[in-house]
Every structure is written in C-alpha cells, then in structure tokens.
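S.K.: structure here, sequence nowhere to be found:
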C-alpha cells in the first residue's frame with residue numbers, strides 16, 4: 001500500500017473544511033473577466049493513485065481552465081515528440097526569481113527563456129507545437145492528452161474569448177522580444193496558440209488524470225525531466241520555498257488550478273480560485289502541504 005492509499009475519506013473531508021476557511025486570504029484573478037466572476041470560496045480536490053484508488057471532495061463539478069498548468073503538458077508533449085536535446089535548445093531549466101511574465105528577465109537572458117513554466121518559455125514552446133494554425137495545435141494537444149490519460153479536457157471558447165478581449169500587453173511584449181531574437185518561427189501563431197492552450201479546461205478529476213500520467217511514468221526520462229522542472233520552477237518565485245516545505249513537483253495556474261505529483265504513487269489535483277500575491281492558489285497549497293506532511297509524501 002502506498003502512502004497516498006492510507007488516506008481516509010474522513011481525513012480528506014476534514015482537511016477540505018479547514019482549507020476552505022483560508023480562501024478569504026486570497027483573491028481571484030481580475031485580469032481576465034471570465035476568471036474574475038467565479039466564487040472565491042470554491043475548493044475541489046481529486047486524488048488519483050497508481051493503484052487505481054481515487055479520492056474526491058469539495059466542489060468537484062466545477063469546470064475551469066488549466067491556464068499555466070498546461071505548460072507542464074506542452075513541455076512533455078514536445079519532449080516526447082522532439083526529444084530532450086532539441087527542446088532544451090529552445091528553453092532552459094533554470095529557476096527564475098522574477099515574476100512569471102518578466103520581460104526584464106528575458107532581456108537579461110538575451111531572449112533564451114529561463115524555463116518552460118514561465119510565460120516566455122511557454123510562448124516559445126507554443127511556437128514549436130505541431131500544426132499549421134493555433135487551432136490545429138491546441139486541438140492536437142487536447143486529443144493527445146485525452147488519449148494518453150483518459151481525461152476529457154477541451155478548449156473552452158468562452159474563456160478564450162475573454163482572454164483575447166483582455167490580451168496581456170506583457171505577453172505581447174514577450175512575444176515581440178522573442179521574435180526580435182529569432183526565437184519564434186511565427187510570433188502571431190505562437191501567441192495565439194499559447195492563449196488557446198491556456199484555455200484548455202476540465203474538472204479536477206481530469207487534472208488528476210493528467211497528473212497520474214506523470215506519476216506512473218517516472219521510469220521514463222521525459223517524465224523525470226518534467227517533474228524536476230516542476231519542482232524547481234512550477235510555483236514561480238515561491239518554488240524553492242515549497243520544494244522545502246512540501247517536497248513534491250507542483251504546478252499552479254491563475255485560474256486556481258494546482259497539480260502535485262507523487263512519483264510512482266499518484267497525483268493530487270486541486271481547484272480553488274483565490275490566489276496569493278504570487279499567483280498560486282492559497283487553499284490548494286495549504287491542502288497539499290497538510291496532506292504531504294501528514295502522509296510523509298515528500299520525495300526527499
């Protein structure tokens with residue numbers, strides 16, 4: 001029996017009630033109109049174990065865009081299709097202590113994105129996804145994920161329209177600088193692709209299924225690379241702090257999505273839209289930290 005399998009539904013329900021109280025410490029993302037209208041007190045968790053055991057609690061019917069959590073899977077997709085050596089010519093694997101959309105960081109690094117978990121890295125990789133148009137690329141990625149994991153993620157057109165209506169000038173500036181440094185083949189398609197894949201949506205169960213693929217494929221080189229980069233870079237400038245406190249590969253998104261991988265054991269997926277100042281879900285981090293400490297899940 002794995003450590004995750006020792007979880008009881010009673011413990012799970014109690015922790016969910018404890019962390020829901022903490023949602024008042026955060027605020028929902030107000031930059032994208034569709035994200036700003038969600039209920040800040042929502043909290044959902046789904047845990048998928050390699051043993052096929054599952055646990056679920058909270059507002060599990062909520063559908064949400066993966067936002068930056070998708071960066072993990074565009075990175076994995078390209079590693080699987082192009083190989084590590086090729087992909088690491090496009091992006092690095094170094095942590096960044098700057099905000100996730102820092103243009104100053106990209107300029108300091110002369111246009112070579114620090115890692116695939118920040119926006120400059122993800123836009124660069126969006127440029128490399130197979131497909132002639134942005135729609136082709138997001139569709140291929142969705143199909144691949146659903147076939148690989150049994151999830152039912154899809155492109156949410158309503159969220160996409162909201163993202164396009166409030167397009168980030170910083171993401172446009174990052175794209176322009178990457179183009180200036182000849183890092184992109186087609187800047188317009190790259191940014192459109194990035195925006196589309198961030199709007200790939202599902203429920204917390206879908207996110208857990210995606211994560212389980214990374215947990216049970218840990219003997220594979222590409223999964224190890226992705227998990228290592230998540231651990232070092234997945235929670236932006238707070239990554240090191242939580243690597244120490246939680247000790248699991250994790251990735252967050254501004255929708256409130258959060259994914260943690262327990263290698264060879266399973267995946268923990270949370271959704272709670274109230275964010276801290278860095279852009280990580282307040283309640284999701286509190287829940288995963290409580291769970292990791294209680295069940296001794298740290299990989300260290």
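M.R.: Alright, I've got the coordinates. These numbers were taken from a predicted model, which means no experiment stands behind them.
S.K.: can you give me the buried ones in stretch 158-170?
M.R.: By neighbour count on 16 or more other CB atoms under 10 Å, the buried set for stretch 158-170 is 159, 160, 162, 163. Quick note: C-beta positions are derived from backbone N, CA and C, even for glycine.
S.K.: all helices for the stretch 151-300 of the chain, in order.
M.R.: 157-165, 169-180, 187-198, 204-216, 221-233, 239-245, 282-295 (DSSP state H, counting those that start in this stretch).
S.K.: between the buried residues of stretch 158-170, which sits nearest residue 266?
M.R.: Ranked by distance to residue 266 (CB to CB), the buried residues of stretch 158-170 are led by residue 159 at 27.8 Å.
S.K.: now that closest one: how far from residue 230?
M.R.: Residue 159 sits 23 Å away from residue 230, going by CB to CB, to the nearest Å.
S.K.: tell me which two of the buried residues of stretch 158-170 sit farthest apart.
M.R.: Pairwise over these, using CB to CB, the maximum falls at 160 and 162, 7.2 Å.
S.K.: can you read off the pLDDT for residue 3?
M.R.: Per-residue pLDDT puts residue 3 at 84.
S.K.: contacting residues for it?
M.R.: Applying CB atoms under 8 Å, 6 or more residues apart in numbering, we find residue 3 in contact with 262, 265, 295, 296, 297.
S.K.: so residue 101 makes contact with residue 171?
M.R.: Yes. When contacts are counted by CB atoms under 8 Å, residue 101 is listed as touching residue 171 (6.5 Å).
S.K.: hmm, which of the contacts of residue 3 are the buried ones?
M.R.: 262, 265, 295, 297.
S.K.: wait, isn't the second one in contact with residue 47?
M.R.: Yep, that's residue 265 we're talking about. No. Counting by CB under 8 Å, residue 265 stays clear of residue 47, with 9.9 Å between them.
S.K.: as a check, name the ranges of all strands in this structure.
M.R.: 44-49, 54-58, 64-65, 154-155, 200-202, 250-252, 257-262, 266-271 (DSSP state E).
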